[in-house]
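J.: build the 3D model from these lines:
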Amino acid sequence: MATIKEISQLADVSIATVSRVLNQDDTIVVSPEVKKRIFRIAHELKYVPPRRRHAQKERGIVIGVADWHIIRKDRTNIRLSSLDLIVKSMSGKNDVRFVRLDKNQPGQYDGIMAFGVFSEEEMEFLRMQSFAIVFINSDPKDYEYDSIVMDFNKGIHEMLDYLMDQKKYCSVGYIGGIYEEGQVRIGYRRLEGIRGAFMQRGFYEEGNFYIGDISRESGYHLAKQAIQSGRLPEAVLLGSEEVAEGALEAFQDAGLRVPKDVAVVIYKDIETLESKWPSYTKVRMFPDIVWQTAIKLLLEQIQEGRKDNMTIYLPTKLEVGDSA
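T.: Have a look, this model is predicted:
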């Protein structure tokens, strides 16, 4: 196990400075650059402060959830925002507590679940909060930490194979959205992946892609726009539950029947809404497996002291229902 002495030698500072920085002593006067260097080296050496190890026995394991890149502040009906989905996925008798991690408020966490792609500045902040981090749906090339990567393309290709080869639809479109506020960017990678999959099959038509916001209102407006264009695709992939809610309302208002007049596939990721269409065809990920895998990886680091980093790929999957 790495020692404070080793870190102090590599960081070129005293043992006392390393100890106080790693224990987040607010009274120490040291430059931000030195703090970053100390934490970077400590992470590289897989160091865990004894104080953190002892604290786990007293208060249980505390896991911070860094989800500010996937939770929108303007949407209060997001199921993940209560952390219930993660808590319910827990198995076993581990004393684990989940706490939302505020990117502007330092704290002490035994582990961190980090969702999305983080800037280097945000990475420095996360390094200072914990020595056990699992990145979910990020870029494993950028981080020397455990990663869970969602293979969105698999489900999209399965959908296209099904719609084109089995159902023989001649045109497939997409109604979806993107959201951006500051560093929060939701939906861009998904849109790129979907466009790429359509192009790979030679099935991409820009006029069949309707992109707006990730909301029921946008879904309704975009679907209405597609209907009024006179060239509504035979089958449509709806980019989220919220978009689907609006788009299906627009289809109903226009007297269109699913799937007789328009086939529908719903894209489901972290299940931000309780599904209103459980029997519909969908491309989905399995959030319980994601949470269970992330917790398992963190506990291996925290309790068992695993040092080797792991990257796990989890696929999305097509589930055929009665809407396409």
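
J.: what segments of the stretch 201-324 of the chain are strands?
T.: Taking DSSP state E, counting those that start in this stretch, the strands of the stretch 201-324 of the chain run over residues 209-212, 235-238, 263-268, 281-284, 311-315, 317-319.

J.: for the ones you listed, which has the smallest mean pLDDT value?
T.: Note on these: lowest mean pLDDT is at strand 311-315, with a mean of 87.

J.: which stretches of the stretch 51-200 of the chain form strands?
T.: 61-66, 96-100, 111-115, 133-136, 146-151, 172-177, 179-181, 184-186.

J.: in this protein, what secondary structure element scores lowest on mean pLDDT?
T.: Sorted by mean pLDDT, DSSP states H and E, the helices and strands of the chain end with helix 50-59, the least confident at a mean of 57.

J.: got any ranges where the stretch 151-300 of the chain has weak pLDDT?
T.: Where the stretch 151-300 of the chain drops to pLDDT under 70, the residues are 183-184, 270-275.

J.: and the helices in it?
T.: For the stretch 151-300 of the chain, the helices defined by DSSP state H, counting those that start in this stretch cover 152-160, 188-200, 216-228, 241-253, 287-302.

J.: which non-adjacent residue is nearest E124?
T.: Excluding the flanking residues, the one nearest E124 by CB to CB, 6 or more residues apart in numbering is K36, at 5.3 Å. In this view, the C-beta of every residue, glycine as well, is placed from N, C-alpha and C.

J.: and that neighbour, that one's in a helix?
T.: Yes: under DSSP: H, G, I helix; E, B strand; the rest coil, K36 sits within a helix.

J.: now do it, the pLDDT please.
T.: K36 is assigned a pLDDT of 84 by the prediction.

J.: now it: how far from I148?
T.: 26 Å (CB to CB, to the nearest Å).

J.: when those two are compared, which one has more neighbours?
T.: Applying other CB atoms under 10 Å to K36 and I148 shows that I148 carries more neighbours, namely 23 against 18.

J.: check contacts around the closest residue to the more buried one other than its chain neighbours.
T.: Among residues not flanking I148 along the chain, I136 sits closest, at 4.7 Å (CB to CB, 6+ apart). Neighbour list for I136: M113, A114, F115, G116, S147, I148, M150, V290, A294 [criterion: CB atoms under 8 Å, 6 or more residues apart in numbering].
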